[in-house]
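Engineer: model this:
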Amino acid sequence: MVEEKKKTRGDMMTKIGVVVSDKMDKTVVVAVENLVKHGMYQKYIKRTNKFLAHAENNDVNVGDRVVIEETRPLSKRKRWNVREVIDKA
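Structural biologist: Take a look at the predicted model:
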């Protein structure tokens, strides 16, 4: 008999990115860059993904470097929460 591992709060995925927009109320847009290797040419390409993240106190500004963590769906596109601000802009 195999036991299933339940996902706990400590297993939430985290990402580090830069805030590119803070025009919404309690929501920021975070751009996360990652390097992907090209299949044929074996060169690394920068890819950017944008995530909507919940910022409860509206204390995050454009240019801040933040850590976002996975959470339950808060709205149609918002599934991330700002955990901490690493660098202020």
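Engineer: dump the residue contacts of the spatially most central residue of the chain.
Structural biologist: Nearest to the geometric centre of the chain sits I68, at 4.2 Å (Cα atoms, centre = their mean). For I68, the contact set (Cβ atoms under 8 Å, 6 or more residues apart in numbering) comprises T14, K15, I16, G17, V30, V32, F51, A53, W80, N81, V82, R83. Bear in mind the C-beta positions are built from the backbone N, C-alpha and C, glycine included.
Engineer: do that again at 7 Å, thanks
Structural biologist: Applying Cβ atoms under 7 Å, 6 or more residues apart in numbering, we find I68 in contact with T14, K15, G17, V30, F51, A53, W80, N81, V82, R83.
Engineer: cool, T71 as well?
Structural biologist: Neighbouring residues of T71 by Cβ under 7 Å, 6+ apart: R79, W80, N81.
Engineer: ok, those vs V62, which is closest?
Structural biologist: V62 has its nearest neighbour among the contacts of T71 in W80, at 16.9 Å by Cβ to Cβ.
Engineer: so what's the closest one up against?
Structural biologist: Neighbours of W80 in contact, by Cβ under 7 Å, 6+ apart: F51, L52, A53, I68, E69, E70, T71.
Engineer: immediately after the host helix or strand of the fifth one, which helix or strand?
Structural biologist: Secondary structure assigned from DSSP states H and E places E69 in strand 65-70. Past strand 65-70, further along toward the C-terminus, the next helix or strand under DSSP H and E is strand 78-87.
Engineer: now that following strand against strand 65-70, angle please.
Structural biologist: The directions of strand 78-87 and strand 65-70 differ by 150 degrees, with axes from the mean of the first three to the mean of the last three Cα atoms, to 10 degrees as the criterion.
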